[in-house]
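Engineer: Fold the following.
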Amino acid sequence: MAINVNTVYQTVLLILNKEQRGYMTPVEFNKIGTQVQLEIFERYFEDLNQQIRIPQTDTDYADRVVNLDEKISIFKTIGTATYTNNAFTLPIESGAPQSTQTFTTVNGQAAYTFTTITANQLASGTTTVYFNGIAKTVGVDYNIAGTTLTLIVTPGVTAFNVFVTTVQDDFYRLGTVLYSSGALPIQELERVDRGELYHLLSSNLTAPTTTYPIYVYERKQLFVYPQTIQSGIQATYIRKPLDPMWNFTYSGNAYVYDPNTSIDFDLHDSEQIEIILKVLLYAGVIIKSPEIIQVAAQQVAQEQNNQKS
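Structural biologist: Below you'll find the model as predicted:
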């Protein structure tokens, strides 16, 4: 499930025009859209915590929890933890699609602006830059600040290709930790804090074993006991949503939507109107009238019909 980024952007532009609030560029929209999506995503967990506090005799309790769990479930994933220096490093990248950008250098031009990779992706992800297929070193061959790539040596007459790829660190919240040795059934590890750990290790009766392993979670690392376990650890976790991206090409002086390199909003379909209204709020449109919500809903329906046809 995903929410079409073009549908959201076109609806926002339509309402901004109706409200005489000016124009929102694609770059502005991408920044605001990323912030709005993150706010909605984080609210899921706040709402879920609130629901847990409500007495379960509430007749609507189950429906609300199921609804929230459905929205969160699309972010649940699993990965293998890597053992290094007496600890397991969590899988921080779920294999979600990476973002890429290709430039062809221009004589005398050192700086190039990213259009298919956001500043947030560059800042939080793992970025690799290639010159004619050869990986280069940041600070030696290039620098990246915000959405600008600057080459250390200004290109000359002979052009070359610059290819940039980034994979996001999308880890958000730890779930279940599992151990499989191959010889034993898969074991779920018990999470303990440091105080409990010292108490458990002080007695042979309570010390962890490969049948009943435990772990301490600190700084995105798993300290697993018994320490003879140095492989076979997997972790389920909640990943972050992918940053939305309304990407484009230029035609004359106009932006032309590029569906091939754009990234849709990574939220449940039911959040579409909420995203539009929140983006409008950031743009200064105060949602006082139900007419604005109605216009948004009508525009979404029209865009969806256009896509089907």
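
Engineer: For residue 229, grab phi and psi.
Structural biologist: With angles defined as degrees, to the nearest 10, residue 229 sits at phi -80, psi 110.

Engineer: okay, now residue 220: neighbour count?
Structural biologist: A count of neighbours around residue 220, defined by other Cβ atoms under 10 Å, yields 13. (Each C-beta comes from the backbone N, C-alpha and C, glycine too.)

Engineer: give me every residue that touches it.
Structural biologist: By Cβ atoms under 8 Å, 6 or more residues apart in numbering, the contact set of residue 220 is 89, 90, 92, 171.

Engineer: out of those residues, which are buried?
Structural biologist: In the contacts of residue 220, burial by neighbour count holds for 90, 92, 171, counting by 16 or more other Cβ atoms under 10 Å.

Engineer: Give me the pLDDT for residue 61.
Structural biologist: pLDDT recorded at residue 61 is 63.

Engineer: And residue 96, by the same measure?
Structural biologist: The model's pLDDT for residue 96 equals 59.

Engineer: Strands of the stretch 1-150 of the chain, start to end?
Structural biologist: Per DSSP state E, counting those that start in this stretch, the stretch 1-150 of the chain carries strands over the ranges 76-80, 82-84, 87-89, 99-104, 111-113, 125-131, 134-135, 142-145, 148-151.

Engineer: State the paired neighbours of the longest one in the sheet, together with their directions.
Structural biologist: Read that as strand 125-131. strand 134-135 (antiparallel), strand 161-168 (antiparallel) (DSSP bridges).

Engineer: again with the third one
Structural biologist: When pairing is defined by DSSP bridges, strand 87-89 lines up against strand 82-84 (antiparallel), strand 221-225 (antiparallel).

Engineer: Make CSV out of the strands of the stretch 1-150 of the chain and add distance to residue 181 and mean pLDDT.
Structural biologist: Converted to CSV, these look like this (distance: least, Cβ to Cβ, whole Å; pLDDT from 0 to 100):
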stretch, distance to residue 181, mean pLDDT
strand 76-80, 14, 91
strand 82-84, 13, 93
strand 87-89, 14, 94
strand 99-104, 37, 86
strand 111-113, 50, 95
strand 125-131, 30, 89
strand 134-135, 36, 92
strand 142-145, 43, 96
strand 148-151, 46, 96
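
Engineer: Nearest approach to residue 27 belongs to which of the ones you listed?
Structural biologist: Smallest distance to residue 27 across the strands of the stretch 1-150 of the chain (Cβ to Cβ): 9.1 Å, for strand 111-113.

Engineer: Now for residue 231, how many residues are close by?
Structural biologist: Residues near residue 231, counting by other Cβ under 10 Å: 13.

Engineer: no wait, residue 66
Structural biologist: 10.

Engineer: same check, this time on residue 250
Structural biologist: By other Cβ under 10 Å, neighbour count at residue 250 equals 9.

Engineer: right, and it touches residue 258 too?
Structural biologist: No. Proximity of residue 250 to residue 258 does not meet the contact threshold set by Cβ atoms under 8 Å, at 10.3 Å.

Engineer: among the strands paired with strand 87-89, which is the most enclosed?
Structural biologist: Of all these, strand 221-225 carries the top mean neighbour count, a mean of 19, counting by mean count of other Cβ atoms under 10 Å.

Engineer: ok, the next helix or strand after it: who's next to it in the sheet?
Structural biologist: Next along the chain after strand 221-225, taking DSSP states H and E as the criterion, comes strand 233-239. Taking DSSP bridges as the criterion, strand 233-239 forms sheet pairs with strand 76-80 (antiparallel), strand 171-179 (antiparallel).

Engineer: List the buried residues for strand 233-239?
Structural biologist: Buried, per 16+ other Cβ under 10 Å, within strand 233-239: 233, 234, 235, 237, 238, 239.

Engineer: How about stretch 137-157?
Structural biologist: Within stretch 137-157, the residues scored as buried using 16+ other Cβ under 10 Å are 142, 144, 147, 149, 151, 155.

Engineer: which of the residues you listed lies closest to residue 180?
Structural biologist: Residue 180 lies nearest to residue 144 out of the buried residues of stretch 137-157, by Cβ to Cβ, at 39.4 Å.

Engineer: Out of the contacts of residue 220, which comes closest to residue 69?
Structural biologist: residue 171 (19.8 Å).

Engineer: excluding its backbone neighbours, what's nearest that closest one?
Structural biologist: Nearest residue to residue 171, sequence neighbours excluded (Cβ to Cβ, 6 or more residues apart in numbering): residue 92, at 4.5 Å.
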